[in-house]
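**Q** let's see this in three dimensions:
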Amino acid sequence: ISKGPGNSKSAKSTAVPPGPPMYLDLVYVPNHSNRKNVDVEFFKRVRSSYYVVSGNDSASEEPSRAVLDSLLEGKAQWDSNMQVTLIPTHDSEVMREWYQETHEKQQDLNIMVLASSSTVVMQDESFPACKIEL
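**A** Okay, the predicted model is just below:
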């Protein structure tokens, strides 16, 4: 078996390919904000005005505290202090604790966590929601 270029697998795999930062308006943090797929490198490279953080499964650690901390660490390495808004899709204990424990750092980094008590009602179903205007 030949192991030339293209036939060998790299021992290290990264979720975000190498290259310059990408600037986006809105990013859905992948895989329910699971720490196996999102790290500091993600937030250093995928720069957005808005991040939607999903996850309401404490047994699976979603959203992951490590992912939320990675946002702070990654954003601290940006060359600008543009405002970032974090939009959680669910109210979770992890999100509440992270918000309270890191609130000062969030302010220093110009990160706002959007908390909304708005509810949308559609055909006998209601769910929390927020409106985003870009």
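
**Q** which one's the longest helix in this protein?
**A** Ordering each helix of the chain by length in residues (DSSP state H) puts helix 93-108 first.

**Q** in its sheet, what does the helix or strand just after that one sit against?
**A** Next in sequence after helix 93-108, counting helices and strands by DSSP states H and E, comes strand 111-113. Sheet pairing here is set by DSSP bridges, and for strand 111-113 it gives strand 84-88 (parallel).

**Q** so where's the protein uncertain?
**A** Along the chain, the parts satisfying pLDDT under 70 run over 1-17, 31-36, 56-62, 116-118, 128-134.

**Q** where along it do the strands fall?
**A** 22-28, 46-53, 84-88, 111-113, 119-122, 125-128 (DSSP state E).

**Q** with mean neighbour count and distance to A76 added, can I get those strands in a markdown table?
**A** Heads up, the C-betas are built off the backbone N, CA and C, glycines and all. Below are the strands of the chain laid out as a markdown table (neighbours: other Cβ atoms under 10 Å; distance: least, Cβ to Cβ, whole Å):
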| stretch | mean neighbour count | distance to A76 |
| --- | --- | --- |
| strand 22-28 | 13 | 17 |
| strand 46-53 | 20 | 12 |
| strand 84-88 | 21 | 11 |
| strand 111-113 | 17 | 10 |
| strand 119-122 | 9 | 35 |
| strand 125-128 | 10 | 30 |
